[in-house]
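A.B. asks: I need the structure of the sequence given here:
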Amino acid sequence: MKKILSFIVCATIATTVGTRAHAEEVTVKEGDTLWQISKEYNVSVDDIKTWNDLSSDIIQVNDTLQVAEEKTYKVAAGDTLWSIAEANGISVIELKNWNSLQSDTIHIGSELIVSKGISKKAAANITKTTNSPNANNAANSQNTNSNATKASNTTASVPNVSAKELTVEATAYTAKCNGCSGITATGINLKDNPNKKVIAVDPSVIPLGSEVYVEGYGRAVAGDTGGAIKGNKIDLHVPTTEQALDWGRQTVKVKILD
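C.D. replies: Model prediction:
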């Protein structure tokens, strides 16, 4: 994969004299998908594909991806917080919060974060230094609620009715075949995990990495693609050839959970 370096990004951002962009990068691990990475870093899949010159949603283990831009501005003589904020389309409050400034005083040569597209991880670090204890307690409560929701989703045998539902044509496949690597498009090793429930999808219909509930199959991850899997078609991974033949071709309902 082509690795996009920070100076290339810098060359494309010239809206404010003295600004520069720092790229935040992540190394792809087994099971990672663009959709999962985009959620973790609070950016869009399209942004990640643009920043990394990707023509498809398929990524490989150990690839290095640029996942965020942090644009900074070097303070020059005569600058004020107001003039810097106005030039970058942000508010003075945002500028002060992002840079942990307690007053309107700035110094020549200082670098200030001026990007709206700061990554979620970087923003979280800044928020810790600027938010009040009550805000931190609210964040902790939100995390607790989020964990409780995840636990509830994990233990539920059938998803709630609010999940997006599709009617699809479903076939089945096994990784135990001559010439099959057993490695999915998202890096899942099905030969090492023969009982893992994975479906091959058309990413334009069901996002890679999303959790789904398939009628007659159960909860699974959309972790693979296939040349014949286009539109409302899916291919279910099963441990054996016999199970694949038993499944055959069925019309089923799929609920996209996350």
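
A.B. asks: Any idea which residue is closest to the centre of this structure?
C.D. replies: In the chain, the residue lying closest to the centroid (Cα atoms, centre = their mean) is Ser38, at 2.0 Å.

A.B. asks: Let's verify it: helix, strand, or coil?
C.D. replies: helix (DSSP: H, G, I helix; E, B strand; the rest coil).

A.B. asks: Pull the contacting residues for it.
C.D. replies: Ser44, Val45, Asp47, Ile48 (Cβ atoms under 8 Å, 6 or more residues apart in numbering). From N, CA and C alone the C-beta is placed, and that goes for glycine too.

A.B. asks: For Lys164, the count of nearby residues, please.
C.D. replies: 12 (other Cβ atoms under 10 Å).

A.B. asks: That one: what's it in contact with?
C.D. replies: Lys255, Ile256.

A.B. asks: go on, Ser56?
C.D. replies: By Cβ under 8 Å, 6+ apart, Ser56 has no neighbours at all.

A.B. asks: Please, where are all the helices along the stretch 51-200 of the chain?
C.D. replies: 81-87, 92-98, 120-130, 133-155 (DSSP state H, counting those that start in this stretch).

A.B. asks: which residue sits closest to the residue nearest to the centre of the chain in space, ignoring its chain neighbours?
C.D. replies: Closest residue to Ser38 apart from its sequence neighbours, by Cβ to Cβ, 6 or more residues apart in numbering: Val45 at 4.7 Å.

A.B. asks: That neighbour and Asp57 touch, don't they?
C.D. replies: Yes: applying Cβ atoms under 8 Å, one finds Val45 in contact with Asp57, separated by 7.0 Å.

A.B. asks: residues shared between the contacts of those two?
C.D. replies: Leu34, Trp35.

A.B. asks: So the closest residue to Pro207 other than its chain neighbours: helix, strand or coil?
C.D. replies: Closest residue in space to Pro207, ignoring its immediate chain neighbours: Trp35 at 4.5 Å, by Cβ to Cβ, 6+ apart. With three-state DSSP as the basis, Trp35 sits in helix.

A.B. asks: which ones are touching Trp35?
C.D. replies: Going by Cβ under 8 Å, 6+ apart, Trp35 touches Val45, Asp57, Pro207, Leu208, Gly209, Ser210.

A.B. asks: How much space separates it from Ser210?
C.D. replies: Here Trp35 is placed at a distance of 6 Å from Ser210 (Cβ to Cβ, to the nearest Å).

A.B. asks: got it, and Leu34?
C.D. replies: 11 Å.

A.B. asks: for this structure, what are the low-confidence residue spans?
C.D. replies: 1-24, 68-70, 115-163 (pLDDT under 70).

A.B. asks: okay, Leu34 and Ser210: which has more neighbours?
C.D. replies: Counted by other Cβ under 10 Å, Leu34 and Ser210 do not tie: Leu34 has more neighbours, with 26 against 21.

A.B. asks: isn't that one right up against Asp57?
C.D. replies: Yes: counting by Cβ under 8 Å, Leu34 touches Asp57, with 5.1 Å between them.
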